[in-house]
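Peer 1: Using only what follows, build the 3D model:
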Amino acid sequence: MQELILCEYEEINSLLYKPIITTQRIKYTCINASKNYIVLGSTSGSLYLFTREPCTFQQLIPLSEGPVIHLLISPDEKIIALATKRGSVCIINLKPTIKLLSVLNEHINETITCLCWNEKSTEIYVGDSNGKISTIVLSIFTVNGMFQPPTCTLMHLDSTIVQMDFSMRYLLVSTLTRCYICDTAHEQFKQIGNKTRDGEYGGCFYKIMNINQCEKKLSNTENDKILNKTSGLNSIIGLSDETNDEQQNLIVYCARPGCRLWEVTTNGIVIKTHQFKDALPILSSNIYITSTIKLLQQSNNKNDKQQLNSNPSHNFSRLIVVNKKYLLSYTTNSLYIIDPINATVILWTDEFTNISMIHIIDDKIYLMTLSGLFHCLTLSNVDSLIIKLFNCKLYNDCLQLCTIYRGELLKSINGNDKIIKITDDNDDEQFDLTNLQINDVTNILQQIILAIQRNSNGHPQRLNSGIVVVHSGNGLLCNEKNYRSLTPTEMKVKLNDNNYKKNDYESLSDTEIVYDNSVRVKKNSVTKINQQKRQQSHGSVDENISYMSQINLQDCDNFEKSVEINNRNDNSTVTELQTKEIEMTASNIQLDLEPVNNLIATLKSSATEMNAENFENIICQIGKMIVDINNKYDEIIELKQFLYEIIRSIERNYYHILLENITIKLLSTTNNICVLNEINKAFIDLNTSNYLECTCENPQMNNHELSEPKFLEIGQALIEKFIKENNNEKFISLIKYVPYYWREYLLIYVDKNGLIDDNIIRLCLQTQDNIILSILLPLLNTKQWKIAIECIERMKINHCLFCNTKFNTLNNLKIDWNGIAHEIIVKQKSDSALKFLKLLETKLPTIKFKQNVYQSLIFNKLLNYHGYEHAVKFDHDELSNSEFSSVCSPEVKNVLVEALEKDLKRPIDKNIFGTGPHHWGIRFSKNSSTCPACTLSLKTPVLLGENGISIFPCGHAYHVNCLIEKKLTTCFLHQ
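Peer 2: Sure thing, here's the model as predicted:
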């Protein structure tokens, strides 16, 4: 197994501090990271929301409940739970719109120590310093703001809650003295072990995934999706259908004093004690930090550095799973990576001596120090890290890493002694690039990467499942994460740059081969200036690439030796000059960006005061300045990533301010092409975080539900302007990136153009949105239905609808025909829905509809036919005087109207519930004002009591007390 190392090559501290850099009053207090977001809590009580990759500021979420001490994003990334210093818990809705749902005070005036979500994002567990654990249950009514989420105390334990973890239906609780495992479905909890402890020791769940489970997961993906949608009471209360195998493969690890771990079953039985004290390496591992980050963090680290302890005392505290394979434990001054399966400590480090908290996403470790600095560490092996650094264009750091881990690198390519000699065995000095041409540097690194990938590819291997895996040659260079959150333009470059060579295994059957991608060198790995130099000295880029592919790694020794001789003589001088040059360049970048920031501030502060012409000039000027700065520093490879992150952060801020301050009137009346392009670019950029693009430059299918875009009215104004000007190209371009607007403008586009283009059909089908498809499909003719059916078949096998390219990602792509039918029933009434169902039966006979579709159709048909003639009037009876004319109170009326509008998807007139004071009951036609049983007036207070009156369908009303006394169940006047 290759050696694992911790590396820091992504600088996030300056990006996270960008929103509060101008204020000294606000400080960050906590951090939490999820798949797509980073959220920071602050002393002001507000939250700062960032996208995770790339790290860019998204939005300020203002709150006034006091300083935030803990926060946690739900697994589905729709809700944020946070705890304040005074002990309150706030629930914030993140999607589709950000709003505060509720503030709960179950732990008021206590110190909340940890928060924990269940896997379905329906329950939050809150633990405090007194050992109290409460649970908050969320539902559809809670999220919609109709009701306050219920909260209840789950248990009282003996000491402070240190850590909580949740898996399947089990809640693991660690206190200062013990660990407990709770079965939330059966409301039972057990103590783990008998021996107590005294300290902040945590615990976590660890899932062991075997091959049979992987097969089952892959084969049942579609079935699982259907079951999840139709799950009933069991899923609501927490019961699930996990098999015994899954429960057996769920292990609990609990930290114990003396660097020990308990291995525990879900029944709370300790099956093994792992002793790691003797397995700890004597020396701590160094975290590999790239040169750019060292430079940028130099001033911050002055306040963070402390005297390292030469004889540190080791102990495991909180436990977190990292990369789904290892355990991470950390204390204030140490960090440990543990392999629990092989019972070894892979590495430990004490480079951070004031750790406050850590959150992990896959192999990324987000660390916050007590002084408020943030670090993003990556756990990786040497080979992967070399390729990652090369992919980030950090060539100097990439070569330096090869130097440091030369021995490990030789082992990874089977000990080939003739590999490129980067340094002598006894030479520990840094390898510099100053005396080398950029093409020479990339040549050296490309040979190393070729050797690594050739060695890792090997021969196709057959798994126990029968699948034969052929490793991807450029898989590490083309990780999906690298372009998940890129802008459409960047995505286009990225995907066009990652074309694969033709599969060499076409002669084998489909069941034999997964895929095979040959190694390819990026054409865009150097700057334009160096490309020109390389063309003069070595010919074209393509010639160089074809030449390099024929070079054997064993033939590079002579070149490397000559490089080493020159490098040894001038190493110290060059390093000094290079550091100064980077410092000066970084300073110049900041100076160049100051005018941009000033213009953006002017745009924000004077938007309402300046005239339209000045506003337009500022917009054009800002866009031009950003482009000029990008071009000016494009050739500096070492600061490429830093420059991108800084420019990207400024662009996002500029786009937000631009769209916040632009008026609909100005947007509708302006004819300035520059302004329209900037607004269009800003709107698309802020609404394409989940956008993926195929190599054919058309959208790639994904599973994300369409949500209301940010700055909705700006998008509407842009689209209406494009439609008015008959600019179909701009219209399609915008709506391709933000398909939500098909809901509103598909019919308008069809009416204006008189036809539905084939590409429109494909774009709409790719959204898989019920509303859009309910509008599109009934409009298709016979020829267009053939295209639609062909596209649906492609979707089933995960192919692009435009170029038929096979996507490598596993997506559960499926059209919800039941949802489409319901949309047609609601909006186009029963006749249109019935016609649509008959059409589908002829076009797609394999589609089966759920029972509730037919029930809705029948009910809607009956209601439209004669249902409105017999509508029940919700009101009082004249018996109670005409002063009462409203069926419900104003508060209930508002909630009822909102609920009905959501269900019926049309406006509701509040007057139908009455306009006067409210009264319970319904209106009926009375036959008599006296009770037939006692012959007294229905208004007699003594007989009314607390039970009131009862009305029969015939119209006769009785005192309920009279019915009880005479044991009547029907009107005796008709017996």
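Peer 1: which residues of the stretch 401-550 of the chain score low on pLDDT?
Peer 2: Residue ranges of the stretch 401-550 of the chain with pLDDT under 70: 411-441, 453-550.
Peer 1: can you do 80?
Peer 2: The stretch 401-550 of the chain contains residues with pLDDT under 80 at 403, 405-550.
Peer 1: Sticking with Ala255, tell me its helix or strand.
Peer 2: Assessed by DSSP states H and E, Ala255 sits inside strand 250-256.
Peer 1: helix or strand right after that strand?
Peer 2: Proceeding N to C from strand 250-256, the next assigned helix or strand is strand 260-264, under DSSP H and E.
Peer 1: For Gln275, give the beta-bridge partners.
Peer 2: Counting by DSSP bridges, Gln275 is bridged to Arg260.
Peer 1: and it, how many residues sit next to it?
Peer 2: Gln275 has 12 neighbours, counted by other Cβ atoms under 10 Å. Yep, even glycine has a C-beta here, placed from its N, CA and C like the rest.
Peer 1: hmm, back to that, contacts for the strand holding Ala255 next, please.
Peer 2: Residues from elsewhere that reach strand 250-256, judged by Cβ atoms under 8 Å, 6 or more residues apart in numbering: 167-168, 170, 172, 174, 179, 181, 192-193, 197, 201-208, 261-266, 273, 316-319, 327, 329, 340.
Peer 1: That strand relative to strand 260-264, how many degrees between them?
Peer 2: When axes from the mean of the first three to the mean of the last three Cα atoms, to 10 degrees is applied, the directions of strand 250-256 and strand 260-264 differ by 150 degrees.
Peer 1: what are the C-alpha coordinates of strand 250-256, in CSV please?
Peer 2: What follows is strand 250-256, C-alpha atoms only, in CSV (Å, rounded to 0.1, in the frame of the first residue of the first chain):
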residue,chain,number,x,y,z
LEU,A,250,-22.1,-1.5,10.7
ILE,A,251,-19.4,-1.2,13.3
VAL,A,252,-19.0,1.2,16.2
TYR,A,253,-15.6,2.6,17.2
CYS,A,254,-15.2,4.3,20.6
ALA,A,255,-12.1,6.1,21.8
ARG,A,256,-10.6,5.0,25.1
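Peer 1: list the buried ones in whatever helix or strand Arg794 lives in?
Peer 2: Assessed by DSSP H and E, Arg794 sits inside helix 782-796. Neighbour-count burial for helix 782-796, counted by 16 or more other Cβ atoms under 10 Å, picks out 784-785, 787-788, 791-792, 794-795.
Peer 1: same question, stretch 850-866
Peer 2: Residues 853, 856-857, 860-861 are the ones in stretch 850-866 that count as buried (16+ other Cβ under 10 Å).
Peer 1: Take those residues and lay them out in CSV including distance to Gln828 and pLDDT.
Peer 2: Converted to CSV, the buried residues of stretch 850-866 look like this (distance: Cβ to Cβ, whole Å; pLDDT from 0 to 100):
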residue, distance to Gln828, pLDDT
Val853, 14, 81
Ser856, 13, 78
Leu857, 12, 78
Asn860, 10, 74
Lys861, 13, 73
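Peer 1: so what pLDDT did the residue nearest to His956 when sequence neighbours are not counted get?
Peer 2: The shortest distance from His956 to any non-neighbouring residue, by Cβ to Cβ, 6 or more residues apart in numbering, is to Cys971 (4.9 Å). At Cys971, the model reports a pLDDT of 87.
Peer 1: quick one: what helix or strand has Cys182 in it?
Peer 2: Using DSSP H and E, Cys182 sits in strand 179-183.
Peer 1: can you dump the C-alpha coordinates of that strand into PDB?
Peer 2: Taking C-alpha atoms only, strand 179-183 is exported to PDB below (Å, rounded to 0.1, in the frame of the first residue of the first chain):
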ATOM      1  CA  CYS A 179     -20.800   5.700  25.300                       C
ATOM      2  CA  TYR A 180     -24.400   4.700  24.500                       C
ATOM      3  CA  ILE A 181     -26.000   3.300  21.400                       C
ATOM      4  CA  CYS A 182     -29.700   4.100  20.800                       C
ATOM      5  CA  ASP A 183     -32.200   2.300  18.600                       C
END
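Peer 1: residues making contact with it?
Peer 2: Strand 179-183 is contacted by residues 154-155, 157, 169-173, 188-193, 203, 252, 254, 262, 264, 266-268 when judged by Cβ under 8 Å, 6+ apart.
Peer 1: Could you do stretch 361-377 as well?
Peer 2: Stretch 361-377 is contacted by residues 6-8, 10-13, 16, 27-28, 30-31, 33-35, 38, 52, 55, 287, 297, 300-301, 303-304, 322-324, 328, 332, 352, 354-360, 378-380 when judged by Cβ under 8 Å, 6+ apart.
Peer 1: hmm, back to that, just the ones of the contacts of strand 250-256 in strands?
Peer 2: If you go by DSSP state E, the contacts of strand 250-256 have 167, 170, 172, 174, 179, 181, 192, 203-207, 261-264, 273, 318-319, 327, 329 in strands.
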